[in-house]
Each structure stands twice: as structure tokens, then as C-alpha cells.
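> Sequence and computational prediction follow.
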Amino acid sequence: MAKPATRFVCAECGAAHSKWSGRCDGCGAWNSISEEVPLSAGPSKKSLGGIRGKKVPLGDLASEDAPPPRRTSQLEELDRVLGGGLVDASAVLVGGDPGIGKSTLLLQAAASFARAGAKAVYISGEEATSQVRMRARRLGLADAAVKLGAETNLRDILTTLEAEAPDLAILDSIQTLWSDTVDSAPGSVAQVRACAHELVTFAKRSGTSVILVGHVTKEGQIAGPRVVEHMVDTVLYFEGERGHQFRILRSVKNRFGPADEIGVFEMTGAGLAEVANPSALFLSGRDAPAPGSVVFAGIEGTRPVLCELQALVAPSALANARRTVVGWDSGRLSMILAVLEARCGIPFTGLDVYLNVAGGLRIGEPAADLAVATALLSAREDIALPAEMVVFGEISLSGALRPVGQTENRLKEAAKLGFTKALAPAGSKTGTTSGLETRQMPDLATVVGDMFGAG
Ligand code: TYD
Ligand code: MG
């Protein structure tokens, strides 16, 4: 048989190219293409069908199945992100920057599952067993019945797992594993894909839940876990700013539960601690009302989360004024600046604009538009908003404010934390339970005139 031709594969999106180039046509990423030897020679000339396969039993849609059994870890934040617990025979990918705390989280999870009666195996490809043991001792987990191994050869790992038949297997990390059937270095797209495929197949066949750890680099230089995302049932990202102690576990894909759910943890000297009330944490350390500071009542997954948005507007010394955003989308900031200029007559030309979500949270909701706009106005006009007010609402390009979902939940959470006022779009379904004094505004120009006396 002819030797399979080498291909060039993008580490970002997995697209295959026939020759190397600096930029991937598929996703536009730069310098992400590397040479790979393909997994197999591809399909043979003869069609597969009707020759040697066996007949697969087919069911119908109406037959009833019991809901998938779930195993809870007693770590409530983790269980919620998983959709109520870990499903048997499922494959989970936990991605995140190096050093963010993935190994710590999963060691704690393994210990919790083990204490709840599950048979857990933790295989580290990065650390020696003595190092993992040392960490476990420091975290107070040494008594948990977790079986520990340090191995990178997939064949040996699978043999071990087949023999042990655990309920849960954690592999830290997928980038360090290598399969001897694939002729490229550990961490390459082909290896990562082949190892993930083997492990997912093992999970489905044996009933063991497999949790894979994957590193993501900001540049995507290493074959990211992106190629694995399609294969697994659940994808969780562990994120947070290095300088902050908060860590957020976010589900971006979940075949067994809602996506976009978050769990909040705090990195302490004794490992990760669960944060049951994130709003209180994100708002702690808030000073007296200052211009540019606004409290946004947001929803993360199924939970309301209050956080502080901070804006700073200062005269620019540069020809192109700066627009710097931490924790929010910079394109969306440009849009709001354009709406403020075009619909309210408030220009930001010649002014540097900085926007920060305090506490290291990242907000993806358009409902933060109005909070951002008021923070920008408050900073520009040097007028502080009332400290007891929360803000939310979406801004359309016409300058009109649009109501957002779960208004009542947002208001309830704000009331719980002692807020008494809210600024919301006209037509919001506020309900009667929260007791907040809600000011409803039809458009951004009204907000500007009413609260800042400008425009
Ligand atoms: P780690 O779990 O090794 O990260 P990852 O597996 O994602 O690369 O965590 C590394 C960081 O966590 C390290 O910088 C130290 C910090 N840390 C604590 O602050 N407290 C702790 O108890 C532990 C175990 C780690
Ligand atoms: Mg690690």
C-alpha cells in the first residue's frame, strides 16, 4: 500500500491543508499549521457496506429510557456545572490556561467522588506520583481512596483502566499522552485526537466516566483541546485572572445539562474553596460610590450574579485614543461608544476609554450594555451613580433600550444584597416581589438627560 501523504493541520480548528502556509484558510489563525502524518491511509477502494459488518439493533423514538444515572461529588459548584452530577460513561474535557488550577480542582473532585463511594483513578502525565501525593496531603485529601498513577503511554493506561474498571478516570493532561500507533509527537493534533478518541470509546464501552484535562494557550500554539471538543459529551473551561483568587468553571457544551452554567471557586492556600454566593464576593471591597462605577445585575447560566463595572475616561495623548477592555467584548464597547455619539450627541473622540469588570469575571451578556453605557457616562461626566442602584438592559443601534430575560431574578438578587434601586429598560417585567424602586427608561437619550443632565 502506498505510504500516506503527509498533511498540514491547523492546531486551532483542525482543518487539513495540502501544503504549509502561515495562515489557516479555515479559521484565519496565524502560524497554527504544522505537519502531521495522517491516522490511517483512508478508506479502501471497495465500499464497506454489505460485506462483513454485523447488523446493529435499531430502536424507535417512543421507547422509554431511564434518565442517565448521575454521580454527585458533594462539590455543589462542580455538580451544578455538570448539570446535576457526572453521568456514567460520559467523557468530559476540562480546559484552561496552564497554572489556573485544573489539577487542583480535579484532584479535589477525585477525592470527593471517592469519599462519596465511587472508585476513582487519577493518572498524571505531568507530575510524578510523589508530587501529586504531596499536593493531596497539603489539601487534606490524603485519606481519600483515590488510586494514583503517573503514565503517558495510552496503551498502558487503557490496560490499567480495563483491569481496574473504575467509575471515574481522570487523565491529566491529554497533551502529554501518546499512542504508539500514531507517528507524531505528544501534544500534536494527531496524537491528541487519537488519544481522545480511544479514551472516549473506552468510556462508552466500559461505563467509566472519563475526565480529560487540556491546556489552552492564548496563542493556540499547542494543539489545543479544540479538536477534542467535538468528541466529548461535556466541555468545561476553567478560567480566571492570574492576579485574582476567583476561578470560574464554565460549561460551554453539555449533552446532559444546560450550557453556560458557571461554578465559582476561590483559590486559597488550601486549594479551591466553593463560593456559594458569588455576588457578595464580586461586590466585596467596593468603595464609596465613585464616578465610573456601576453595579450590573447579570445572569450566568441559571444564576443571577451581581458584579461591578468600572470605567475610566481620560484625555488621550495619542492620535488614536485607547479603548481597553478587561472582562467584556471590545467590539461591543465600540458599538456602545458609537451609539452614545450618534444617538445622544456625546462624543468620545480624543478620550482614552478603559473598561474593567471587577473581580476577574468575564461577561458575555448583551444585558450589560446599559450598565456599560452608564459607567462610561458616569466616568465622562464625573457624576457618581447612587451606590444602592443596579443597572441592566440591552441597547439597540437606534439607541432604544430593550428588555432582557429573567428581570425578576436579577431584581430579587439585588434586593437580597441590599440594593434598593434599579435602572432598567421600559417594558421590563419587574414583578412585585423584589420591592426595588425600578426606573424604566425607553432609550439611552432619556437616560443621559435624566441621570446626567447632558445631551
Ligand atoms: P494547578 O492545579 O497545578 O494548575 P494547572 O493544573 O491548571 O496547571 O495549580 C497551580 C496554581 O495554583 C499554582 O500557581 C499555585 C496555586 N495553588 C494555590 O494557590 N493553592 C493551592 O492549595 C494549590 C494546590 C495550588
Ligand atoms: Mg496541571
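That came in fine, so what should we check first? Numbers count the residues shown, from 1 in each chain. Ligands and ions are numbered 1, 2, ... in the order given.

> any idea which element L355 lies in?
Per DSSP states H and E: L355 is located in strand 351-357.

> Contacts for that strand next, please.
Residues outside strand 351-357 that contact it (Cβ atoms under 8 Å, 6 or more residues apart in numbering) are 307-316, 318, 321-328, 333, 337, 363, 372, 375-376, 380. Using the backbone N, CA and C atoms, a C-beta is placed for each residue, glycine as well.

> Which of those are buried, as a ChimeraX select command?
Under the burial definition 16 or more other Cβ atoms under 10 Å, those of the contacts of strand 351-357 that qualify are selected in ChimeraX by:
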select :307,308,309,310,311,312,313,321,325,327,328,333,337,363,372,375,376,380
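
> Quick one: mark the members of the contacts of strand 351-357 that sit in strands.
Here DSSP state E is the test, and the contacts of strand 351-357 give 307-315, 323-326 as lying in strands.

> now, among those, which is nearest to L105?
Relative to L105, the closest of the ones in strands among the contacts of strand 351-357 is C307; by Cβ to Cβ it sits at 21.9 Å.

> My guess is the closest one contacts V294. True?
No: C307 is beyond contact range of V294, at 9.9 Å (criterion: Cβ atoms under 8 Å).

> hang on, the earlier thing: which of the ones in strands among the contacts of strand 351-357 sit farthest apart?
Within those, C307 and P315 form the most distant pair, 28.0 Å apart (Cβ to Cβ).

> could you dump the strand holding L355 to PDB, C-alpha only?
Provided in PDB are the C-alpha atoms of strand 351-357 (Å, rounded to 0.1, in the frame of the first residue of the first chain):
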ATOM      1  CA  LEU A 351     -10.600  60.400  25.100                       C
ATOM      2  CA  ASP A 352      -9.000  57.200  26.300                       C
ATOM      3  CA  VAL A 353     -11.600  54.700  27.500                       C
ATOM      4  CA  TYR A 354     -10.900  51.900  29.900                       C
ATOM      5  CA  LEU A 355     -13.500  49.400  31.000                       C
ATOM      6  CA  ASN A 356     -13.000  46.700  33.600                       C
ATOM      7  CA  VAL A 357     -15.200  44.000  35.100                       C
END
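
> Within its sheet, name the partner strands of it and how each one runs.
Here strand 351-357 has these sheet partners by DSSP bridges: strand 303-315 (antiparallel), strand 323-326 (parallel).

> out of these, nearest to ligand 1?
Of all those, strand 323-326 sits nearest to ligand 1, with 20.5 Å by Cβ to the nearest ligand atom.

> Other residues contacting that closest one?
241, 330, 333-334, 337, 352-357.

> can we see that at 10 Å?
241, 310-312, 330-334, 337, 348, 351-358, 360-362, 372 (Cβ atoms under 10 Å, 6 or more residues apart in numbering).

> Now do the SS call for A259.
Per DSSP: H, G, I helix; E, B strand; the rest coil, the local secondary structure of A259 is coil.

> picking that back up, could you give the separation of the strand holding L355 from the chain centroid?
24 Å (Cα atoms, centre = their mean, to the nearest Å).

> contacting residues for S21?
8, 10, 30-31, 33 are the contacts of S21 under Cβ under 10 Å, 6+ apart.

> Out of those, which sit inside strands?
Filtering the contacts of S21 for strands - DSSP E - leaves 8, 10, 33.

> Which ones, among the residues you listed, also lie beside ligand 1?
When Cβ under 6 Å from any ligand atom is applied, no member of those is adjacent to ligand 1.

> and the residues you listed as JSON lines, adding pLDDT and neighbour count?
As requested, the ones in strands among the contacts of S21 are exported to JSON lines (pLDDT from 0 to 100; neighbours: other Cβ atoms under 10 Å):
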{"residue": "F8", "pLDDT": "86", "neighbour count": "16"}
{"residue": "C10", "pLDDT": "82", "neighbour count": "25"}
{"residue": "I33", "pLDDT": "84", "neighbour count": "25"}
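
> If we only consider those, which is nearest to ligand 1?
Looking across those and measuring by Cβ to the nearest ligand atom, the closest to ligand 1 is C10, at 24.4 Å.

> residues contacting the closest one?
Contacts of C10 (Cβ under 10 Å, 6+ apart): 16-17, 21, 23-29, 32-34, 189, 220, 223, 226-227.

> switch the cut-off to 6 Å
Residues near C10 by Cβ atoms under 6 Å, 6 or more residues apart in numbering: 24, 26, 32-33.

> P442 now?
A426.

> what pLDDT does it get?
With respect to pLDDT, P442 scores 95.

> Could you do T176 as well?
92.

> Over to E219?
Per-residue confidence for E219 comes out at a pLDDT of 56.

> now do the one 3 residues further on
Reading off the per-residue confidence, I222 sits at a pLDDT of 48.

> what about R23, how many neighbours?
13 (other Cβ atoms under 10 Å).

> wait, doesn't it sit right on W30?
Yes: counting by Cβ atoms under 6 Å, R23 touches W30, with 5.3 Å between them.

> residue boundaries of the helices in the stretch 351-455 of the chain?
369-381, 407-416, 444-452 (DSSP state H, counting those that start in this stretch).
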